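**Student:** Here is a sequence with its predicted model. Questions after.
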Amino acid sequence: MSVALRERRSLRWGRISTVLADSVDSGAAVWVVVMIVAAGTAVGSGIFLTNLNISNLFGQMLLLGFAAVGETFAVLAGAIDLSVGSMAKLAALLTPGLVNGNGAMVVPVVALMLLVGVMVGLVNGLLITRLHVNAFIVTLGTFSILRGLAFGYSSEPVGEIPASIVNSMYLGVGPVPAPFIIFILLALTAAFALRKTVFGRRVYAVGGDEEVARMAGINTDRIVLAAMVISATFAALAGVMQGLRTGVGSPTAGDGLELSAITAVVLGGSSLFGGRGRLVGTIGGVFLLALVDNALNLIGVSTFYQDLVRGVVIVIAVAVFIRKD
Amino acid sequence: MLEANGGAENAGIPLVRAEGIVKSFPGVKALSGVAFECRARRVHAIVGENGAGKSTLAKIIAGFYQPDEGRMVARGREVTFGSPRDALTAGIAMVYQEFTLLPHLSVTDNIWLGHEPARRGVLNDANMKEQARDLLMELGMADPPLSTPARRLSVAEQQIVEIAKALAHDPSLLLMDEPSAVLGGGELDHLYDVITRLVDHGVGIVYVSHRLAEIEALADDVTVMRDGCVMWAGPAERTNRSDMVHHMVGRSLDETFPHRKTEVGDTVLEVKSLLLPGTEPEGISFHVKAGEILGVAGMVGSGRSRLARALVGVESTTGGSIKINGNQVPKSGPRAAARNGLVFLPEDRKQLGLVLDFTLAENISLPHLGRVSKAGVISRSLEDRLATDAIEELSIRTSGPQQAAQQLSGGNQQKVVLGKWLAAEPSVFVLDEPLRGVDVGAKAEIYRLIRDLADRGTAIMLISSELPEILGLSDRIIVMRDGLVAGEVASRDASEETILSLAVQEKSA
């Protein structure tokens, strides 16, 4: 091989790897995988592109979607939030439980749940910043506390949401349910906040290097606190949506949600150490996880193998897309 | 952009005054009762050896550290800075010696970090870019890479961005810790211009440096520190270089370079037609013999560091061969290189050469864990003995093998990195700017160490921007330009002029 040819090849490979790296950083890479999986499923199953299935897919994405958006803030700020699953579980139980069939109670209960989310986030954030306890440990603690509270409230299905409200959760524009539109709007707002506002920039800075952020005059504690509040509030919202959609409070809601949310964030190209990643990537991760589940159901893979296949997909996606620099 | 808060009416007013400042770190008393004052329209230089407490003092003024004792007065009012934010609010900004850029943020975003121009919380990108461009152009960047992530900048470019970052705060007092350590001639001129302009606008400058020539040219006032105390302070015209050195080291300093004691042996490292991507097809060829010090000169960006990284397989190459004692070295990474006896000491020692959270002993033993362990279990006493040997041999100033690397001064950290590899007895040692940020006293010791290594038969490649250093220490010098070797000279025939003319010569048609 001539030197010139070799040089050209290496330049080309250099370009390809830069493009790949940039597409991971921008969150585009996971969307390419989403497209491929979606196209593959559409070819393999005639049911995939029906309105009913799409509507289902979008609906099933909500719980993970809201939780993952919040989790993105915590991860980007250099923290992590393991309490999102329990927070969602608590809200998913309490919402139907407190409404208990009375339509007039829906708005105040939802507001109360969001307030609980803010409070949980404050507790997480204050423990991390004031007591200087690692976020992993703090939220592992609150995870257990909230789970205990949820089971203390009820360990079996509880409460009721009026049928008219439950039905409205499935209506929207064509196959797109209204809550999904709310989700997309909130996700866009969150993406804007992260990329275009002073607050967002500081979240990246604190997660990127807390010392550097401090030298730049940033109140790093306040940023971590805010990120934890956002994370917990989105988790509460995820639980509320789940409660309203199912119409009854289920004690198994939100099981394993914290891990799925973190998986979605990582699949989207974010660094688990903070400071790097995009919310569009997280949303792509949510789509990918929901799609894989949906496809496995449609193709008729047994539940035992579903976990296995999901795990393989995650490991491959992460191995290909996570940058090793 | 460079308008200052203070005006002519503030001339002579102390912008900051520190009294009786005491600061201790675990095992070390960094400052013991220091007084310092910087006035508007003055450049106040702080000089001293490594570990003298210069950086600690600057960081206390910038709010990064909080003093254990003492008081500070800023513009006539007593202040307590709990964080850099408090100092920035009071108009005090600092260019830190450590790099403080976020690698994944763009140049513009780094410059405005912490005080981003915004309307109702939404970033004003256009405004940020425009002002960042102005700042960087004033600092001599012809075409500022505003959207480039900081990680893709060269070290010199990063330093310029660091300075722009501090200037963006529009400070009335600007502290600069070794700002010139990584800058080349042209960039330095711009830095000095900017300093002069700032001073004309009423800004006070605190300038920490080990380059005494620079101090003589720039400073209005000088404070000389040693071992956490102020040894001398006063107007610059009342001191001179030899006085400053005398106060710094407490002894007169022999600045001569150590001479070779042994004969140069056979060729150890032979590089043939090594191609860095983007260079002409002829490639880089050179050799280094046992016991020889080969100086590698060239301007910043001429490919010196890329060459060094290519030798250990970190930088990709498109062709050529690297042989050590006749054996081909695979270009697969530093491990393979080290196995073949080629060791690289990188330019940014904090990023690449040291684990700051490790103790001194843990750092030194890292490449030799096999030697300090039995059946995979690390023996603390063997590890400590290895470290103690290195401490003695290199006269590292430390409280002991168990001190954290983080707490050592720059020169002593550099010695630890050297010590880490001394025990490995490499056949080729590539040193990239080994004396960056190291000051006079420690420099002489490191010169001696490098020469000792060569006398033991190691072939040494010494990359440096400091021409006197290259001339004094090397046996032979290659000069790089545009990723190629522009010429080779024996150091006894070379002068700064011959090297410079090779380094900047226009390409002939």
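**Tutor:** In hand now; what should we look at?

**Student:** contacts, neighbours, all on C-alpha from now
**Tutor:** Noted.

**Student:** Residue in the stretch 201-325 of chain A with the shortest distance to chain B?
**Tutor:** A:Gly217 (3.8 Å; Cα to the nearest Cα).

**Student:** What degree of burial does the closest residue to that residue other than its chain neighbours show, as a neighbour count?
**Tutor:** Computed as Cα to Cα, 6 or more residues apart in numbering or on different chains, the closest residue to A:Gly217 that is not its neighbour in sequence is B:Arg85, at 3.8 Å. Neighbour count for B:Arg85, taken as other Cα atoms under 10 Å in any protein chain shown: 23.

**Student:** Isn't B:Arg85 up against A:Ile218?
**Tutor:** Yes: judged on Cα atoms under 8 Å, B:Arg85 makes contact with A:Ile218 at a distance of 6.6 Å.

**Student:** State the phi and psi torsions of residue 219.
**Tutor:** Picking chain A for this. Dihedral angles of A:Asn219 (phi, psi; degrees, to the nearest 10) stand at phi -80, psi 90.

**Student:** Chain B, not that one
**Tutor:** Main-chain dihedrals, B:Ala219, degrees, to the nearest 10: phi -80, psi 140.

**Student:** Break down the stretch 51-200 of chain A into its strands, ranges please.
**Tutor:** With strands called from DSSP state E, counting those that start in this stretch, the stretch 51-200 of chain A shows them at A:172-173, A:176-177.

**Student:** Least confident of those, on average?
**Tutor:** Sorting the strands of the stretch 51-200 of chain A by mean pLDDT places strand A:172-173 lowest, at a mean of 88.

**Student:** For B:Ala404, which non-adjacent residue is spatially closest?
**Tutor:** B:Thr359 (4.0 Å).

**Student:** Show me what B:Glu37 is bridged to.
**Tutor:** B:Arg17 (DSSP bridges).

**Student:** Wait, it touches B:Val16, no?
**Tutor:** Yes: applying Cα under 8 Å, one finds B:Glu37 in contact with B:Val16, separated by 5.7 Å.

**Student:** Switch the strands of the stretch 51-200 of chain A over to TSV; also include mean neighbour count and distance to chain B.
**Tutor:** Shown next, in TSV, are the strands of the stretch 51-200 of chain A (neighbours: other Cα atoms under 10 Å in any protein chain shown; distance: least, Cα to the nearest Cα, whole Å):
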stretch	mean neighbour count	distance to chain B
strand A:172-173	12	31
strand A:176-177	19	31
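
**Student:** rewinding a little: let me know how buried the residue nearest to B:Ala404 is, in neighbour terms.
**Tutor:** Residues near B:Thr359, counting by other Cα under 10 Å: 19.

**Student:** So what does it have for phi and psi?
**Tutor:** With angles defined as degrees, to the nearest 10, B:Thr359 sits at phi -80, psi 170.

**Student:** Would you point out which residue of chain B is nearest chain A?
**Tutor:** B:Arg85 (3.8 Å).

**Student:** and that residue, what does it touch?
**Tutor:** Listed by Cα atoms under 8 Å, 6 or more residues apart in numbering or on different chains, the contact set of B:Arg85 reads A:214-219, B:63.

**Student:** Tell me the most packed of the residues you listed, by neighbour count.
**Tutor:** Top of these by neighbour number is A:Ala216, holding 27 neighbours under the definition other Cα under 10 Å.

**Student:** and it, how far is that from A:Val173?
**Tutor:** Distance of A:Ala216 to A:Val173, computed by Cα to Cα, to the nearest Å: 47 Å.

**Student:** ditto for B:Glu466
**Tutor:** To A:Val173, B:Glu466 is 69 Å away according to Cα to Cα.

**Student:** Kindly tell me how buried B:Leu113 is, as a neighbour count.
**Tutor:** 25.

**Student:** nearest spatial neighbour of it, skipping sequence neighbours?
**Tutor:** Per Cα to Cα, 6+ apart, closest to B:Leu113 is A:Ala216, 6.1 Å.

**Student:** okay but the one you found is in contact with B:Asn110, surely?
**Tutor:** No: between A:Ala216 and B:Asn110 there is no contact under Cα under 8 Å: 9.2 Å.

**Student:** what's downstream of the lowest-mean-pLDDT helix or strand in chain B, the next helix or strand?
**Tutor:** Lowest by mean pLDDT, DSSP states H and E among the helices and strands of chain B is helix B:349-352, with a mean of 55. Scanning forward in sequence from helix B:349-352 by DSSP states H and E, the next helix or strand is helix B:360-365.
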